[in-house]
Every structure is written in structure tokens, then in C-alpha cells.
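1. The following comprises the amino acid sequence and a computationally predicted model.
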Amino acid sequence: MKIIDKNIWEPADGLTLEPAALQVVKSENNALVIAGPGAGKTELLAQRACFLLETSTCNAPRKILAISFKRDAAKNLAERVEKRCGTELSKRFQSMTYDAFAKSLVDRFYLGIPKEYRPNSVYDIAVADRTQNDIRTAYEHAGFVPPVGMRPRDINDFLEKEIVRYALPLPQESDYPTKAAWGLLLKGDVTDTARLSFTMITRLATYLLQCNQQLIKSLQMTYSHVFLDEFQDTTRIQYELVKTCFYNSNSVLTAVGDGKQRIMVWAGAMRDVFPTFTSDFGSTAYQLVMNHRSAPRLIEIQKMFFSRFNEQPISIQTNPKWQATDGQAYLHMFDDHVQEAKTIVNLVQGYINDGSHKPNDICILVKQRVDAYSSELITEFNLCGIQARNEGVYQDFLKEDYISLCINTLIIAVRRDASSWTYCRNILLDLKSVDESSSEIHASQRELSDFITELKSDLRAIDNENDLKMIIKKITDFYSTDALKAYFPQYLRSSYIERLSSQLANYLWEEYDKSGTVGAAINNLLGKNTVPIMTIHKSKGLEFKTIIFLGLEDAAFFRFNDQREEDTAAFFVALSRAKNTLHFTFSKVRPFGQFSNQHRRVIADFYQALHDSGVVEPVYHATSAEVIM
DNA sequence: CCCTTTAAGCTTTTT
DNA sequence: GCTTAAAGGG
């Protein structure tokens, strides 16, 4: 492999990086990169990976470890690196989630955990339903009695936090049931197997390392460079694992995040992770000033929110492709949700009919309670033949490995698709443990293409939902349920695969019934012709040409008084998803029982900021218009 | 059946 | 913390 000189290295694909980004890419020290929405955080990390690998700054056999929160973020980063610098070099780029990282340490080295905290070699992920909660069960067996006055619904939450509240090992003299609960869960004494939550696994991984200094050394030797994505969302427990691994080492850490998008504090994100990291790792701070995503006038709105996060009002640079006058924002005032639904549907219909938008260029966002805020809208959309759906429900379903495999298999049966073919082929080879250099490789590929031929004729004969069910069963059998369960351990327990399988048949039949072809049914299920409706949290990291934010009202911003900063961040995330156009709606009345009247007193400062931007145009649909801007 | 009290959902991910 | 649904008492 040719090594490129550091001084002549240039970004892949002819991309130009802003000066600070280029400094980060080539940095030899720990760095904290503050990068707002649309700054190209993932691209920055991908380019840095290429730099490190191509110039041998990360010298074989040493590797880069990239840690993300979500599987798709980890996957996305890995794919970009592979695309930019090739299969060979990208083998030394390991992109995974925090949970996968912690679990791989525990699974590989659990024998290094002192006996008292050593889990059984086989354990399951703890179930945390309301009806079945393994951690609560363990506490109950350990003699836990809920504190007086604790609301019943809070007990599970409380115990899930309590069990990981302190680093391991717990004090010897501790007689509080936490220690006993750990013991029961590690050894599976009250459940049929050992059960651990991901936070417990992270605590165990940290303890494992602290007990095995040579393991820490070998991690530091293996990973010369470490990337931490979405750093503002890091929990204390995750941070302690990272610190245990790389504190005072030669491994170079690059953390990338944005405090203005810190919307996970309620789920444990550390409010002070930036200063803590800076003081622990002596990192240099960088600030990116480019926003590649949004039109200039929309940036003006975003900037109005900077001071609310105690951030200096830096001058964000927009992409040169924009005119200074690009970007529109409207605030719609409605009498009620019916008028709102009709108007929004008209608006969207206009966007689609004039050819400026495809349905999935538009996103309808709500703060929370998608169904409550959008049911009228979905009815109204359906009346005029536009598909719209609660995207969150499908997002979770479609990203299941099993579903993704079934759908890709169906895709190659209905059209030529190189990436679907590669996807299915690779999984099939893995399932059958056929090595890339093996002679069996042709036989396996043949098997797949024969199966696809068979599938094609089956698909032509579909008549009802049961036919589809049988086809999906056939696909599952082709890959073998047992092999799938062994390969995707999340499916090992329970009848999860069976439930997913029947759900897939159900969804596909619905779409097939409407559209008449399998190809269209798959596309529709994938959401290609659908206006997505989702919560702000689900929209994080995504971008759309037009964002319609439904319900800029007090009631939508839940627990606003004690989550003020976080809700402001959530609103900032919402409006920074838009590339071209923003619409906000306020409805005087919503169908929320006796609390139907909506207000905008608590979030008055949002309205003030929108007004102060000088960009947002009020539109009065309400019969009794009242001046609010 | 009506009124009051109590419980629970809401913003989430991870093998 | 605010809203809504379910449970329980009379």
C-alpha cells in the first residue's frame, strides 16, 4: 500500500474542508471539535480516518477506534471511510457503538473480572418492561423495599439507575441490596440465565480494565487514534469507560459534538462533558464555522438561539451555492387542528405538484406525541392521495437486521441492485462460514441466485397476505432460522424473529394491496413515497428540504420548567434540520379533552427569537387574528 | 353512573 | 409537570 506524504495529502473526492476542519484532520493532539448543525461532523471524521490511514500516521498494525451511540451512525461512518480510502486500509478502522465496545470487552475478557463480579459466560440482556423487569426482580429478591412515598411507576427507573450508580467494586461493607442484586443478576440466580443491562455491562468493562492494567496497555497499543461522535450525549458511565481506556496514553482522541444539540440530558448525558474532557485530556478546542446545510436566512434564525446556550455568536459561513436571500420561514396561526391539517396538506400538495419536492423531501416534526398531534393530518393527507406516516414506528422496524435481509433479498428478486446483492451474498457467506478465499464461494453464490430465480416466480403468484407470509418464511428458511439466530444474537431468545416476520408480511401486503406490484410495495414500505412524521429526537442527524414543525405551543414542550435548556436545544435541533424552508404552526385549539386551549406564554421567548430574526413571516389563518409578532 | 383518586405516558439507545 | 385513562368508592 502506497503511503502518502502528510504534507501533500488532500481530502478524498476533491472535497474542500474549512481551515479548522483541516487542522483537526491533521491534528496530532487530543481535540474537542465544536461543530454546529450541518457542519459535516461525520465527513470530518471520515476524512481524518483517511488521512491517518493513508499517511500511515496510524501505522499498521495499529488501528482507529470510532465510537458512536447508534448503530446506523457507526455503520454510516464505516461506509464513508471505506468509500474514501478503500477496503484494505479501512480494515484498520473499527467503528462501533459504546455498547458494542463495552460488551465485546466483557465477552472476550470476562475471566479477567474478579470472581465476585464475573458474569456467567452466557448471559442475556436484562429485560426492562413494565411487566417484566429483571433488575427489579433481583432487587426484590435481595430484600429491597421501595422508599416510602415513591410512585410505583418510578421504581423501575430508580432501580435501573441505582444498580449502576457507583463504579465497581461496591464497598465491602455495603449492606444495601444493590450488591446482592448484582450478584443475583451476574449468576442468573433468580432469572433462568444471567441478565445484564447495557449500563451494567459498561460498568463491568470499566472494572475489568481497572483490574487488568496490561489490557489497558494493549488497548492503547491497538488504537493509536480514537474518535468520539455526538460527544455531547456521552453519559458519565460511558465517559468513565473511555477515560479508563485512554487516560494518560499516547492514543490521540478526537471528540466531536455540539452543546446546542444536547437533548439527551434527561437520559443521562453529562452536562459538563466538554470541560471535563478538556481538563482530563488537555484537548485543544476547535470550532467549525461552516454550515453546509441551511439557506442563509434560516441560519439567521439559528443564530438567534446561540446566546441561549451561552455560546458566542460566531459568524456561521454558508455554502457558496446559496444566494443571500435564500431560505423562507413562516409561522402559521390556526383556529384549530382541522384548519391546520387542511392548510398543511394543501401546502404539501403544492410542493409535490410543482415538482420542487418529493414526499420525503418534506418532514413533519412534533416535539412529542406524534399520534396525538398528527392524526387529523394523516386523515387529511390520505383524502388527497398523499402518503404520510409516523416514521418512528417504521424506522425501528426497518433497521432490524432480519428485516433488512428479507427486504434486500426481495429487492434482488424484483430488480437488478448491486448493493442489495452484495449485502445478501455477504451475509449468506457469513452465515455459512464460507471464507472469502474458499472454493465453496461459487457454490454459495449459485445457491443464492437459484433461490432468487425461485423467489421471482413465487412473487408473480401472490394473491393474499398468506402467500406473502409463506414467501417470507421461505426466505427465512433459505438463510436458516438457526443460523440467523446464531449470527444475530439479539434474535436468540423468544420468538422475536417470528413476530418480525409476520409484521413484515402484514406491512408488505398492505402496500401491495394499494400499489399492485412488489417493487412499489417495497419502495413504499421503505418510505420512498411518504411524507415522514416524527419527533424531534428521531430527526436528529437528518436533514430535509422543508421542515414543518407542528404545534409551537406550551403543551408540546413537556416539563418545560425544569428542562428549559434542553427543550430550547430540542427546538434548535428541529429548526436546524431544514435546508430551504421552515413552517411553524400554532393552533388555538387541539383535541386534547378539557385542555384543548393552547398557549404560548411559557415558550414566549421562542416566538421572540423567531421575530427578532426578521426572517419569519406570520401567516394568519385564524378567524380572530391576534397580533403576536 | 358519577365523582374522586390513582397510575402511567411522554422525549431513547444499545447485542 | 401536564394530560389522560383506569380504577375504585358511593
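-> Nice, I can see it. Owing to the predicted nature of the structure, the values given are computational and were not obtained by experimental measurement.

2. looking at it, residue A:480 is touching residue A:447, isn't it?
-> No. The pair residue A:480 and residue A:447 does not pass the contact test of C-beta atoms under 8 Å, sitting 11.9 Å apart. For glycine as for every other residue, the C-beta is placed from the backbone atoms N, C-alpha and C.

3. what residues do these two have in common as contacts?
-> Common neighbours of residue A:480 and residue A:447 are not found (criterion: C-beta atoms under 8 Å, 6 or more residues apart in numbering).

4. In terms of helix, strand or coil, where does residue A:357 fall?
-> coil (DSSP: H, G, I helix; E, B strand; the rest coil).

5. tell me, how many neighbours does it end up with?
-> Counted with other C-beta atoms under 10 Å, residues neighbouring residue A:357 total 19.

6. List the contacts of the residue lying closest to it once chain neighbours are set aside.
-> In this structure, residue A:357 finds its nearest non-sequential neighbour in residue A:351, 4.0 Å apart by C-beta to C-beta, 6 or more residues apart in numbering. For residue A:351, the set of contacting residues under the criterion of C-beta under 8 Å, 6+ apart consists of A:357, A:361, A:362, A:546.

7. Quick check, pLDDT for residue A:351.
-> The predicted local distance difference test score for residue A:351 is 97.

8. Doesn't it belong to a helix?
-> Yes. Note on residue A:351: a helix contains this position according to three-state DSSP.

9. what's the distance between it and residue A:284?
-> 44 Å (C-beta to C-beta, to the nearest Å).

10. Closest approach to DNA strand C from the stretch 301-450 of chain A, which residue is it?
-> Minimum separation of the stretch 301-450 of chain A from DNA strand C (C-beta to the nearest atom of the strand) falls at residue A:372, amounting to 7.2 Å.

11. go on, chain A?
-> Relative to DNA strand C, the nearest point of chain A is residue A:592 (2.7 Å; C-beta to the nearest atom of the strand).

12. Tell me how many other residues crowd residue A:605.
-> Here the neighbour count serves as a burial measure; for residue A:605 (other C-beta under 10 Å) it reads 14.

13. Now do the phi/psi pair for the residue nearest to it when sequence neighbours are not counted.
-> Computed as C-beta to C-beta, 6+ apart, the closest residue to residue A:605 that is not its neighbour in sequence is residue A:308, at 7.7 Å. Here is the backbone geometry of residue A:308 (degrees, to the nearest 10): phi -70, psi -20.

14. Secondary structure element holding residue A:157?
-> Residue A:157 belongs to helix A:152-162 when elements are defined using DSSP states H and E.

15. And that helix, what's buried?
-> Buried residues in helix A:152-162, counting neighbours by 16 or more other C-beta atoms under 10 Å, are found at A:155, A:156, A:158, A:159, A:160, A:162.

16. Quick check: the residue of the stretch 351-500 of chain A nearest DNA strand B.
-> residue A:368 (1.8 Å).

17. quick one, helices of the stretch 201-350 of chain A?
-> Counting by DSSP state H, counting those that start in this stretch, residue ranges of the helices within the stretch 201-350 of chain A are A:213-222, A:236-246, A:273-281, A:296-303, A:337-353.

18. so what strands line up beside the following helix or strand past the longest one?
-> The one in question is helix A:337-353. The C-terminal neighbour of helix A:337-353 among helices and strands, as given by DSSP H and E, is strand A:362-366. For strand A:362-366, the paired strands and their directions (DSSP bridges) read strand A:530-535 (parallel), strand A:544-549 (parallel).

19. show me where the stretch 401-550 of chain A has helices.
-> In the stretch 401-550 of chain A, the helices defined using DSSP H, counting those that start in this stretch lie at A:401-414, A:418-431, A:441-460, A:465-479, A:481-487, A:496-515, A:518-525, A:536-539.

20. Turn those helices into a markdown table, columns for mean neighbour count and distance to residue A:102.
-> Output for the helices of the stretch 401-550 of chain A, formatted as a markdown table (neighbours: other C-beta atoms under 10 Å; distance: least, C-beta to C-beta, whole Å):
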| stretch | mean neighbour count | distance to residue A:102 |
| --- | --- | --- |
| helix A:401-414 | 21 | 20 |
| helix A:418-431 | 16 | 23 |
| helix A:441-460 | 14 | 34 |
| helix A:465-479 | 17 | 29 |
| helix A:481-487 | 15 | 21 |
| helix A:496-515 | 17 | 22 |
| helix A:518-525 | 20 | 33 |
| helix A:536-539 | 20 | 23 |
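
21. Same list, those helices, but as CSV with distance to residue A:184 and mean pLDDT please.
-> As requested, the helices of the stretch 401-550 of chain A are arranged in CSV below (distance: least, C-beta to C-beta, whole Å; pLDDT from 0 to 100):
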stretch, distance to residue A:184, mean pLDDT
helix A:401-414, 31, 95
helix A:418-431, 35, 92
helix A:441-460, 45, 93
helix A:465-479, 36, 95
helix A:481-487, 27, 90
helix A:496-515, 25, 91
helix A:518-525, 43, 94
helix A:536-539, 34, 92
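
22. Redo those as TSV? Include distance to residue A:44.
-> Below are the helices of the stretch 401-550 of chain A laid out as TSV (distance: least, C-beta to C-beta, whole Å):
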stretch	distance to residue A:44
helix A:401-414	28
helix A:418-431	25
helix A:441-460	37
helix A:465-479	37
helix A:481-487	33
helix A:496-515	36
helix A:518-525	32
helix A:536-539	21
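
23. Nearest residue to the residue nearest in space to the middle of chain A in space, please, no chain neighbours.
-> Nearest to the geometric centre of chain A sits residue A:70, at 4.4 Å (C-alpha atoms, centre = their mean). Leaving aside its chain neighbours, residue A:70 sits nearest to residue A:97 (6.7 Å; criterion: C-beta to C-beta, 6+ apart).

24. Tell me how many other residues crowd that neighbour.
-> Residue neighbour count, defined by other C-beta under 10 Å, stands at 20 for residue A:97.

25. can I assume it is in contact with residue A:75?
-> No. With contact taken as C-beta under 8 Å, residue A:97 and residue A:75 are classed as non-touching, separated by 9.6 Å.

26. Excluding residues flanking it in the chain, which one is nearest residue A:606?
-> What sits nearest to residue A:606 in space, not counting adjacent residues and going by C-beta to C-beta, 6+ apart, is residue A:571, at 5.9 Å.

27. Going by contacts, tell me the helices and strands next to the helix or strand where the one you found lies.
-> Residue A:571 belongs to helix A:564-575 when assigned by DSSP H and E. Using 3 or more C-beta pairs under 8 Å, 6 or more residues apart in numbering; DSSP states H and E as the contact criterion, the neighbours of helix A:564-575 among helices and strands are helix A:296-303, helix A:536-539, strand A:544-549.
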